[in-house]
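Student: Okay, here's the prediction I keep looking at, along with the sequence it came from:
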Amino acid sequence: METIKLGSIGPSVELLQSSLKRVGFFNGSIDGIFGNLTLNAVKRFQKDFGLVQDGIVGTNTWNALFPYMYGYTSYSIKAGDTLYGIATKFSTSVPRILAANPGINPNNLAIGSSIIVPFNNIVQTDLSYTYDILKMNISSFSVVFPFVQIGSIGTSVMGNDTILPIRVRVMGNVTDYDRSVSFRIVSQESTVKEGEDYEGFNQNPLIPAHERQVEIPCRFIKTEKLAKEKLTLSMVLELQANDDFALPLPWWQPFGDICGSRTDSVNVIRHVILISNEVRIPGWWPVEYWGNWSIKKFEIMCELFHMTWEDFNKMNREDGTRARIMGQNLDKYLKEREKDGKTIYEDEQDENGDLVKMTAGKSI
């Protein structure tokens, strides 16, 4: 993290203010301006945490703020500790601690061992949402919820909605009759709202006879709030036992490259879905054909070539010829717009303060 001090402005200051507010040292507005109110809050924080009280937020102060930025802390078990006592001390819950520490025996806590203690809230929603904040939140979710599998669902920057197929797969023998599976949305750990962020869907789907799985489509809505405020929303799903299925195996050890890591246990009862409007660069972006990456250019290319983010992400160096043709068509499109007096500019300025004209790559 960058060093910030009195007079600094920007997203890092917002993150500082939000984190200080979480721990009770700051009661002002999250405005990204490092003024006297923020300065005094920093000094109080530094004093309470045994740091030099200079009001400058450098490495040591950021490290002390780490738990309040990421939403969890590491705790070393001491003699006499219980999970209930630890949960009470950190204003969290025993189920949250258990979820963050797979394999822990609550009746036999090993003195000196380290556990993850998650706080009640991970995602900070009172600050500008940058890509760095998104990565921080995803990192936090992967620690606090070890069963989180990080990936990208099929999205289109042109549409308003995204349909995610939620797959439920069962073990054991197939049957010659339909079977019902049940799950619930854990509302106290989810930030999505039905009817606003997603459309209601069947939470008691049927696995057809002679089949082992079912996919339940869930439509997520690209709301104006999601687009403007750069939020990351979460939906926590939890399987429920019913007349057709029991839940005897909450944790599963994957095997083989297809199934994932050979060493990491996976919680098969819970599934966490993160929803964000942030657009990240695909795995392969040939600058020589398409020019420098920008979200604005990417949106134009999606519309121009009728492609989604997933389509771009599937491309690699073996698609060089196709990528070059796409670059040529992008160049033609941009020049036609300029000829019509509708030059397209990037959302950035050069050293003279002039807008940068959008261009394709130089090797087309």
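Tutor: Received, thanks.

Student: CA atoms only: put the longest helix along the chain into PDB for me.
Tutor: Longest helix in the chain, counting residues (DSSP state H): helix 320-339. As requested, the backbone C-alpha atoms of helix 320-339 are provided in PDB (Å, rounded to 0.1, in the frame of the first residue of the first chain):
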ATOM      1  CA  GLY A 320      -3.200 -14.800 -33.700                       C
ATOM      2  CA  THR A 321      -4.600 -14.600 -37.300                       C
ATOM      3  CA  ARG A 322      -8.100 -14.000 -36.000                       C
ATOM      4  CA  ALA A 323      -6.800 -11.400 -33.500                       C
ATOM      5  CA  ARG A 324      -5.000  -9.500 -36.300                       C
ATOM      6  CA  ILE A 325      -8.200  -9.400 -38.400                       C
ATOM      7  CA  MET A 326     -10.100  -8.200 -35.400                       C
ATOM      8  CA  GLY A 327      -7.500  -5.400 -34.900                       C
ATOM      9  CA  GLN A 328      -7.800  -4.400 -38.600                       C
ATOM     10  CA  ASN A 329     -11.600  -4.200 -38.300                       C
ATOM     11  CA  LEU A 330     -11.200  -2.200 -35.000                       C
ATOM     12  CA  ASP A 331      -8.800   0.200 -36.800                       C
ATOM     13  CA  LYS A 332     -11.300   0.600 -39.700                       C
ATOM     14  CA  TYR A 333     -14.200   1.300 -37.300                       C
ATOM     15  CA  LEU A 334     -12.200   3.900 -35.400                       C
ATOM     16  CA  LYS A 335     -11.000   5.700 -38.600                       C
ATOM     17  CA  GLU A 336     -14.600   5.700 -40.000                       C
ATOM     18  CA  ARG A 337     -15.800   7.400 -36.700                       C
ATOM     19  CA  GLU A 338     -13.000   9.900 -36.900                       C
ATOM     20  CA  LYS A 339     -13.900  10.700 -40.600                       C
END
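
Student: Tell me which residues of the one helix or strand A99 maps to come out buried.
Tutor: Here A99 sits within helix 94-100, counting by DSSP states H and E. Neighbour counts over helix 94-100 (16 or more other CB atoms under 10 Å) mark R96, I97, A99, A100 as buried. Where you see a C-beta, it was placed from the backbone N, CA and C, and this is true even at glycine.

Student: one step back: check which residues of the longest helix of the chain are buried.
Tutor: A323, R324, M326, G327, L330, D331, Y333, L334.

Student: Also stretch 69-79?
Tutor: M69, Y70, G71, Y72, Y75, I77.

Student: so what does the helix or strand the fifth one falls within touch, helix or strand wise?
Tutor: Under the criterion of DSSP H and E, Y75 resides in strand 72-76. Using 3 or more CB pairs under 8 Å, 6 or more residues apart in numbering; DSSP states H and E as the contact criterion, the secondary-structure elements in contact with strand 72-76 are strand 114-118, helix 131-144.

Student: Which of those comes out lowest on mean pLDDT?
Tutor: With a mean of 62, helix 131-144 has the lowest mean pLDDT of the helices and strands packed on strand 72-76.

Student: right, and the helix or strand after it?
Tutor: Next along from helix 131-144, by DSSP H and E: strand 161-169.

Student: so C218 is in which element?
Tutor: Element membership of C218, judged by DSSP H and E, is strand 213-221.

Student: Can you give the distance from that strand to the centre of its chain?
Tutor: 19 Å (CA atoms, centre = their mean, to the nearest Å).

Student: Please work out the average pLDDT along it.
Tutor: Averaging pLDDT along strand 213-221 yields 85.

Student: Other residues contacting it?
Tutor: Outside strand 213-221, the residues within contact range by CB atoms under 8 Å, 6 or more residues apart in numbering are 160-170, 181, 192, 196-199, 201-202, 205-208, 275.

Student: switch to 7 Å and redo it
Tutor: 160-170, 181, 197-199, 201-202, 205-207, 275 (CB atoms under 7 Å, 6 or more residues apart in numbering).

Student: filter the residues you listed to the buried ones?
Tutor: For those, a burial check counting by 16+ other CB under 10 Å picks out T162, L164, I166, V168, V170, V181, D197, Y198, P205, I207, I275.

Student: Out of the residues you listed, flag the one nearest to N242.
Tutor: The shortest approach to N242 among these belongs to V181, at 7.2 Å (CB to CB).

Student: Would you confirm that the closest one contacts F245?
Tutor: Yes. Between V181 and F245 a contact is recorded at 6.2 Å, counting by CB atoms under 7 Å.

Student: Report the contact partners of L109.
Tutor: For L109, the contacting residues are I77, D81, by CB under 7 Å, 6+ apart.

Student: brain fart, M301
Tutor: By CB under 7 Å, 6+ apart, the residues touching M301 are L330.

Student: and the direction of the one helix or strand it maps to versus that of helix 320-339, what angle?
Tutor: Assessed by DSSP H and E, M301 sits inside helix 295-305. Angle between the axes of helix 295-305 and helix 320-339 is 100 degrees (criterion: axes from the mean of the first three to the mean of the last three CA atoms, to 10 degrees).

Student: May I see the buried residues of helix 295-305?
Tutor: Neighbour counts over helix 295-305 (16+ other CB under 10 Å) mark K297, F298, I300, M301, C302 as buried.

Student: ok so, going back, distance from the helix or strand following the strand holding Y75 to the middle of the chain?
Tutor: Of the helices and strands lying after strand 72-76 in sequence (DSSP H and E), the nearest is helix 83-89. Its chain's C-alpha centre and that of helix 83-89 lie 27 Å apart, by CA atoms, centre = their mean.
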